[in-house]
Structure formats: C-alpha cells, structure tokens
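> Okay, predicted coordinates and the sequence, questions at the end:
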Amino acid sequence: MAGSTRASATTDGALWGDARRRLRGNRAAIAAAAFIAALVLAALLGPLASPYAVDQVDWTLSPLASPPSLANGHWFGTDSNGRDLFVRVWAGTQVSLLVALLATAVSVLIGVAWGATAGYLGGRIDGWMMRVVDVLYALPYMFFVIILTVVFGRSLWLIFLAIGAVGWLTMARIVRGQALALRQREFVLAAVALGLPARQIIARHIVPNVLGTVVVYATLTVPQVILFESFLSFLGLGVQEPLTSLGRLVAEGALEMETAPWQLLVPATVLALLLLALNFLGDGLRDALDPRLG
Amino acid sequence: MAAEALFTVRDLGVQFTTPRGRVSAVREVSLEVRRGECLAVVGESGSGKSQLFLGCLGLLASGGVASGSARFDGQELVGSDAAARRAVLGTRLALVFQDPMNALTPHLTIGRQLAEVALDRGLLDAAGAQARSLEVLRAVRMPDPAMRLRQYPHELSGGQRQRAAIAMALMTRPELLVADEPTTALDVTVQAQVIEVLREARDRGLAVVLVTHDMGVVAGIADRVAVMYAGRVVETAPVRELFAAPAHPYTAALLASVPRLDTPLAARLAGIEGQPPAPGAEPDGCAFAPRCPAVLETCRRRRPPLEAREGRSVACHAARLPSGVAT
Amino acid sequence: MSETLLRVRKLTVRFPLRRSRLAGPRPWLTAVDGVDLEIEAGRAVGLVGESGCGKSTLARAILALVAPQAGTIEWRGQAVRHDDAAGLRRMRRELQVVFQDPVGSLDPRMSIGASVTEALEALEGPQQRAAADARVESILAEVGLDPALRARYPHELSGGQCQRAAIARALVGQPKLLVCDEAVSALDVSVQAQIVNLLGDLRRRRGLALLFISHNLAVVRHLCDEVAVLYHGRVVERATAAAIFAAPRHPYTRALLAAVPDPDPAAHRRGALPELRAAAAAEAVAGDGCAYRLRCPLADEGCRMQAPHLEDAGDGHLTACHHGRSQPPGG
C-alpha cells in the first residue's frame, strides 16, 4: 500500500472488507457457517416436512419407542412415549438456538455497555465497575440459577435471563481491555479535544471499534450458552414440557441408552456438530478480525 | 586502486501476491557496492528501497518473490538455499534495522547476546567472545562498555540500543553492513553520534549500504547515492555530484524539499505535488511523469532507460548531465 | 498590539511512577516543570526538544487533555480550569490540535467527511445537512483535498492526505490557535514540505496562530516566528527564530543545531560535534542543579549547585544558563 507515511501504515482494527476476504479464505470457517445455516433451515423447516407433531403420540407403534425407519415415517425413530424424534429434534434445536441467541444478545448489550464505559472512564470508576464484575464472577453460578428457578419458577425467559446475566461478565472484561487501549489512541484524543462528552465518545468511537472483538466472542459464547442450557436441562432445571431442547432430549435419551440408543445418538450428534461448527466459525472470525495475525 | 565490487545486484525484482494479483515492489534494479565504500539508497515510502534488500537477502514476507541476481563476493544469494545464505548472513554480511528491539532480545543481557553471535558460529571461545564484545562496544562508542555487558536492553536508551545492535552486527568482522533506516527513530543528537560510528566503521574498511529517506544523513556518510522511485532506480551518482547537480527531476525536487538551516527564515519549501503511484498502479511511461516539473510528451509514452555516463547514471528523457547536454 | 491568546504560567505536570518500595514517598516523573509560555494572535511559536523533554505533555496540558498539578492556563484572559466544562467548551472552539500519526488520528470506522462533520457539530452545535456538507467540502478544498474524497476512509488515503483531513477537521470550527504535535514528523520529506507550506498558507490567510511542536529544528525554522527550547520539562531558551538560529545562547540549543544533519556533503567535517556524554536518566538528574549539567561541556560547580532561571538578557532573548550571557553567542 503506497503511503507517504514513513511509519508502517497499520490497518487499524479490522476493516470489514479485509476481514471478509480473510474469512472467505478460511475454508473451515466457511464450511462451518454453511453448516450452521443449513441446520437453522432444517430446524425451521424440518417439522413441516414430517406428518407428525411435536407431542403427538403414535399409538400405532408397539413398543412405543421404535428405531428409525423410513417405512413408518419416523425417520429418527421415536422416544419412549412414542413421539416422533425427527420433529422433536428440530423443535429442540429451535429452542436451544433461541435461548442461545437471546442470552448472548443480553450479555453483549450489558457487557459492551459496562466494559466500554469502565474502560474509557478509567480511574476509580473503572475500579469499582470491575470490582462488581469480579464479585459476580466469584458467585457460584449454579446456585444462583437454581435459586432463581426455585423462586421464580421455570420459564424460558428466566433461563436466558439467568444465563445472560452471567455471560456478560466475560464480555465486559474483554471490552474493557479494548476500551482501555483505545482510550490512548489519537483519534479518541482528538474527539476529547473537540469537547465531545464522554457518552458520545463511548458510543461513536469506542464501541464501533470494539465490535470486531465483540462479534468474535459473541460467536464463541453461543456454544457455551447452549451447553449450559443443556446442562440445566440435564439436571431437570431447563426448559419444561411441552417445550423441548437439545439438552432435554439428550437427558431423556441418556436414560434409554441401552435399549434405545438412537434416542441419545440423534440429539447428541446434532448438538455436537452444532457446537463444533460454532467454534470453527468463531475461530475463523477471530483470525479474520484480529489485525495482528497475517 | 579501484576497489572491486563486493556486492553486486543485477536486474533485481520483487513481486508480491496480493488479492489484486501480482504486484511489483521492485523492478529491474542493478547496483554495486565496493569494498570500503558507503552506498546510500534513498527513496520515500513505496519506493521499494527496503524490499530491494529484503529480496536480495531472502528475507521477504510470505507472498513475496525475488527475481534476478544478488551476488556477495561472487556467491549468488537470490534463490539460494537457507544453508548457503546462513554462511554469509550474520557473518560476512550483517544487518541493522530501524528498531533496535528487532535485533535485541529483551530477556538476555547485552553481553550474552553479543557473545552468542560469535559462539553460535563457532568463531570464538568464551573468553575470546567476551574480549571481542568489549572491543565492539568500544568501537561503537558505547559509554561504560563493561557495565553495559551486564545490562538488559530495556535499561539502555534508544541510542544506546541502536549502538548495541550495530555492535552485534560488527562482532563477526563483516565485510558489508546493510543498515535500513538505522537513525530514523532516534533523537537528532543521538543520530549524529550513530552516523559518526558508522562513518568510522566505513573508514576502517567496512562497506556500508545505508537505506534511508533522510538526505542530511546521506550527506554525512555516503560515498555514492542511488535514488529510487516507484520500485526503480532513477539516478546514481557520487554524493557530492548528486547534491551539487542532481540530474533527475525527482532528485532535484527531493533535495529542494529538505528543510535546511541555511535558507532564509520562513522560506517556502519546494515539495512535490501529488503522491507516488501505488504498487501495481504505475502509469505508462515514466512513473514520475504525473508529478514532474520538467515533463515532456515522450515521458508519458516511453519509460526512460537508466543510462550510464561518466560515473553517473540517470533514467530521464529530460535529464541534463553536467556536460550540459540534454539526453 | 496583538491579543495574547494563550498564557501559561508555571505549568507543572507530573506522572506517578510505579512504587519500588511499599512505604515511603511515591516517586513522580516531572514531565513539565514550571513552564511559562505566551502565544499572541497570528504568531507561530515553535516548541523544540528531543524525546522525553515534555513537549507533547505540555501540549496535552494546554489542550486540557491532561490535568496539571500546578500552574495556570489562561485563554484570552480567562483562566481555564480542568474541571470547568463550560470554560473548556468555549476554549475548544478556538483552540484545536493536529497530531503526529495522520492515519491514527482519524477514526478508522468513519469516513473523513463524517469526521469533519462531527467536529463541526461538536463545536458549533447541530447543523442543517446541506449547510454542513457545504462547509465540509469547502474546508477540504482549502486544505488541498478533492471534496470528492469525503466518502473515503483513512486507510484508503495516503499519509499526506490523512494529515490534510486532520487539519481540515481541526480548522472547520475556525480556531484562532492550532497546536501541531509533531504534525509532519511521520511524513515523507516531499509530503512534509507540502504540509509545512499548507500550514504557512493557512496561517497567512486566516491569521491563525500556531504552536508547532517538533524535534526537527529545520522544519521549525521554515514556519515559526519564535522558538522555545525544552529540556527535561523546562524551557531553557526562548527567542525569536532569527535570534535562536543565528546566535543560540544555551549549550543545549547549540548542540541541537550542530547535530542537525546538513544536506551538504562538503560541510561535514570529522569530529565537528560538540562532545556529548550519554543522556542521563531523569532520576539521575534530580536535585537542585541544572538539568543539563551531566551533558554540558560548560558545566561547573555552580551548575551543580543551582538550577539557572530563565532570564532575559535585555533583548527579549531568554536563556536559562549560568554561562548564557558570559559566553559569546555562537561560540
């Protein structure tokens, strides 16, 4: 790049064009993105393809739990109550993804606002704000969620609020680190010299320049959230009937592992592949958006 | 006695693969450095002056390919394997860069790093390495050399670090030193001392290639100068002749842009309108034509070849060499 | 009689250093040590010194980007305090800055047109879209940029173009004083010349005052009416440009001038440099004596005992050196 600067022209942060190009070159990430897209499509359209409903019991089967077969239309088989697994897996995927996206959105919103403000303002305010984060970090997360569910009952909204309420902590720390570094950059000093108030500087100059990192960590947070929700479901604290999630399906399937292995294998495979794809995509995004690499 | 050529570059080119296709950073550069002489390679950003030597020495970033020839004392460096290069680089041909922290490891003492250079190559034993380390530190005028051996790079000032880096380069008694912007990051008072150190080394027989954009530094140490623009050499000449009577309009404009202490106060600086072409976007004909005050019609159509005459060479249709004749 | 835009008195800026002991007084680094400075309307004042002398910190204190520990700053007669938001806002409308890194001083995610518009609205309040666009285009043209470049991002432009954009942003609010913090140091020589000429033209056309900070004396010479030399946070010499370059009185100024590489091969003589010992670390120079004594060829007992004050030799030429007046100028 020809420039009249003697100093090496640093392509600051990640300009989306450069990033897109780097991402496109990363085959694993592209494949992962395509897979996730296909999975989402399947989750939305899958239930429509099958004649069965989510909680419809097929009394024609004997026993009720039957293995996958093309003949009777239960392509993934049925669970112990005779409900079609194909439809249930996709419905469960929908719920898992929904919970993950909403929880991640909550943690991004709170985390970015908290971290950018703390990092930019610095000094004692930063100190106090990050002490709050440290304290919350130290709380036993599981107890917190269990207490919440006991007190407020088990609702979907509560689940993702609980997850989001803890997920924002890491995001806040990451964003705060970035904001601290950005604060010293000359374009931020120029904004201060213009007399712009702090909230405008944070909103217009700090946050847009941390978005790259935020996108990466959000993508890597989603699998963590899905896993956590699955774990809650496994403990019986997650989503309740009639809703189902991948975690619940895995929990139920685990009970029948010896007699009806497909009940565990199918949702577990979908879950594992989804998590793997999300991690590949997140890694790819990080490589694309991190200016220090390549 | 005319000193023989120690380092000869012929038709060197450097190309990079970018998303926009192959782009040339350096084209058809031929140069020569003789024993005991200092050649300054001058150019601004995008001129290719750094890539030229990185290409010669096999140090290009990934995606970069060098073509042509670069011979050190008869040994070809371009395209040679790592072992052959290793025999030359770091022993007979040493390098110094702009940021001394690129040469110095933060967690080792200066003495240890200096000694390692000689010990690694099996050139000296421990005692010999120690003695040589002191010797080179004195050669670079490092204050209190014995103490420096025990210190870490972060305990030294910027100028001292650069002198330590030069000392490291001198450990193996190289015959040629390639210095890429060695003084750019330094304060002017320290810069003057470092130039003095390089000058003394040159006087003791070391050949020096100085890659720089600073004409003041060039005037202080160079014997001959090569000026680069848009990846090509546009002029070469002995230093006094270059400054006194630059033949290429770019050289003349560059010299006129340098702020001086002996012009009338608040005089306007000449400057050059526009900016150099981006690699890959060079115009037809002469690359400098769009900005040239002496441009002729033929300049835009045909690229002027580098022509040698009377110990100088210039690539310009409108050039007037000292004999007063326009080419 | 020109109005005094900026008056700085006894400005001191200190930074806390990391403690090496758990108890005891906290060590401080004094970046700016009791500096006085005035800039009148339309004057260009150069501030020169090497790395670590405090010139950038001084600039940031003047711009209220850093709070001073002691001293006063007056803008057009009114005292400016770091916690006085309204006063700062008034001052910022008339005092702007251009930084060293052309690409880094612009938000990489905003087009240069957006950056300049942001500056306009920050200084003068919300604007009508059409009127704002017109002003942005006119200021871009005035600094030598094609107004069509306003949609470009900093990474798409050269260093020289980015610096012009930064100057446009600084000037869009019609300031009276422009602080240039090493504004041309990161540019190629030919581009540096363009920008220096641009600053000179803008000065003349707008009656702009400049505080031009640089380590390059030759550039300062081409632009400034007055020069102040900074060493270890203190002004050691201050005079008109003519006086400083023709007859420098402080040994450090002389050393700086002698060290500027002369672009003339014939002029270089071996050993023409005054003997300079290694620059001393800041802590080593602590004490009552002159900060320059460890490097100065003229240093004596008196220099070690007492730091010299900045004194007027009677001709408006201020020097802080015990030997400043007895030594013949240019010796």
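Nice, thanks for sending it over. Numbers count the residues shown, from 1 in each chain, chains lettered A, B, ... in the order given.
> So for B:Pro279, what's the nearest residue that isn't a sequence neighbour?
B:Val23 (4.7 Å; CB to CB, 6 or more residues apart in numbering or on different chains). In this view, the C-beta of every residue, glycine as well, is placed from N, C-alpha and C.
> Would you mind listing the residues in contact with the most centrally placed residue in chain A?
For chain A, the residue nearest the mean C-alpha position is A:Val222 (1.3 Å; CA atoms, centre = their mean). A:Val222 is in contact with A:100-101, A:104, A:278, counting by CB atoms under 8 Å, 6 or more residues apart in numbering or on different chains.
> A:Ile36 now?
A:274, A:277-278, A:281.
> returning to what we had before: out of the contacts of A:Val222, which sit inside helices?
A:100-101, A:104, A:278 (DSSP state H).
> Let me know the closest of the contacts of A:Val222 to chain B.
Of all the contacts of A:Val222, chain B sits closest to A:Leu278, with 27.5 Å by CB to the nearest CB.
> what residues does the stretch 51-200 of chain B put near chain C?
Proximity of the stretch 51-200 of chain B to chain C, by CB under 8 Å from any CB of the partner chain, involves residues B:143, B:157-160, B:187-193, B:195-196, B:199.
> picking up where we left off before, just among the ones in helices among the contacts of A:Val222, which is most surrounded?
Highest neighbour count within those, by other CB atoms under 10 Å in any protein chain shown: A:Thr104, with 27 neighbours.
> Isn't that residue up against A:Tyr217?
No - using CB atoms under 8 Å, A:Thr104 is not in contact with A:Tyr217, being 9.4 Å away.
> if we can go back for a sec, checking my notes, the residue nearest to B:Pro279 in a strand, right?
Yes - counting by DSSP: H, G, I helix; E, B strand; the rest coil, B:Val23 falls inside a strand.
> I'd assumed B:Gln15 was in contact with it.
Yes - between B:Val23 and B:Gln15 there is a contact under CB under 8 Å: 6.7 Å.
> So for chain C, the centremost residue is which one?
Chain C, centroid-nearest residue using CA atoms, centre = their mean: C:Ile213 at 2.5 Å.
> Distance of that residue relative to C:Ile62?
10 Å (CB to CB, to the nearest Å).
> Equivalent analysis for A:Ile110, please.
Relative to C:Ile62, and taking CB to CB, A:Ile110 is found at 38 Å.
> my hunch is that C:Thr12 is in a strand, does that hold up?
Yes - under three-state DSSP, C:Thr12 falls within a strand.
> Give me the common contacts of C:Ile213 and C:Ile62.
C:Val179.
> which residue does the stretch 51-200 of chain C bring closest to chain A?
C:Gly159 (3.1 Å).
> so that residue sits right up against C:Pro102, yeah?
Yes - C:Gly159 lies in contact with C:Pro102 (CB under 8 Å); the separation is 4.7 Å.
> Reduced to three states, what does A:Leu45 come out as?
A:Leu45 - assigned by three-state DSSP - is helix.
> Please identify the helix or strand for residue 118.
In the absence of a named chain, this looks at chain A. helix A:85-121 (DSSP states H and E).
> Oops, wrong one, chain C.
Here C:Glu118 is assigned to helix C:112-124, by DSSP H and E.
> Now that helix: buried residues?
C:112-123 (16 or more other CB atoms under 10 Å in any protein chain shown).
> burial count for B:Arg22?
11.
> residues touching it, list them.
B:15-16.
> ok, so what distance separates it from C:Ser111?
B:Arg22 is 30 Å from C:Ser111, by CB to CB.
> how far is the helix of greatest length in chain C from where the chain is centred?
The longest helix of chain C (DSSP H) is helix C:189-206. Put simply, helix C:189-206 sits 16 Å off its chain's centre (CA atoms, centre = their mean, to the nearest Å).
> in its sheet, what does the following helix or strand past it sit against?
Following helix C:189-206 in sequence order, the next helix or strand is strand C:209-214 (DSSP H and E). Counting by DSSP bridges, the strands paired with strand C:209-214 are strand C:44-48 (parallel), strand C:177-181 (parallel).
> Pretty sure the residue nearest to the centre of chain C sits against C:Lys55.
Yes - assessed by CB under 8 Å, C:Ile213 is found in contact with C:Lys55 at 4.9 Å.
> So between A:Ile110 and C:Ile62, which is more surrounded?
Neighbour count, other CB under 10 Å: between A:Ile110 and C:Ile62, C:Ile62 has more, with 26 against 17.
> For the more buried one, give me its contacts.
Counted by CB under 8 Å, 6+ apart, C:Ile62 has contacts C:6, C:8, C:73, C:95, C:179, C:211.
> Quickly note the distance from it to chain B.
23 Å (CB to the nearest CB, to the nearest Å).
> And for C:Glu311?
25 Å.
> what do you get for C:Ala243?
For C:Ala243, the distance to chain B - CB to the nearest CB - is 11 Å.
> which SSE is that residue in?
Judged by DSSP H and E, C:Ala243 forms part of helix C:241-246.
> Leaving out chain neighbours, which residue sits closest to A:Leu61?
A:Gly82 (5.5 Å).
> about what we covered before: can you list the strands paired with strand C:209-214 in CSV and add mean pLDDT?
Formatted as CSV, those follow (pLDDT from 0 to 100):
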stretch, mean pLDDT
strand C:44-48, 95
strand C:177-181, 95
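> okay if I get these as CSV plus mean neighbour count and distance to A:Ile30?
Putting the strands paired with strand C:209-214 into CSV (neighbours: other CB atoms under 10 Å in any protein chain shown; distance: least, CB to CB, whole Å) gives the following:
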stretch, mean neighbour count, distance to A:Ile30
strand C:44-48, 26, 54
strand C:177-181, 25, 45
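> list the contacts for C:Ala122?
A:191, A:194-196.
> mind redoing it with 6 Å?
Contacts here follow CB atoms under 6 Å, 6 or more residues apart in numbering or on different chains; on that basis C:Ala122 touches A:194-196.
> on that earlier part again, of B:Val23 and B:Gln15, who's got more company?
Comparing B:Val23 with B:Gln15 by other CB under 10 Å, the one with more neighbours is B:Gln15, at 21 against 17.
> name the element that one belongs to?
Here B:Gln15 is assigned to strand B:5-18, by DSSP H and E.
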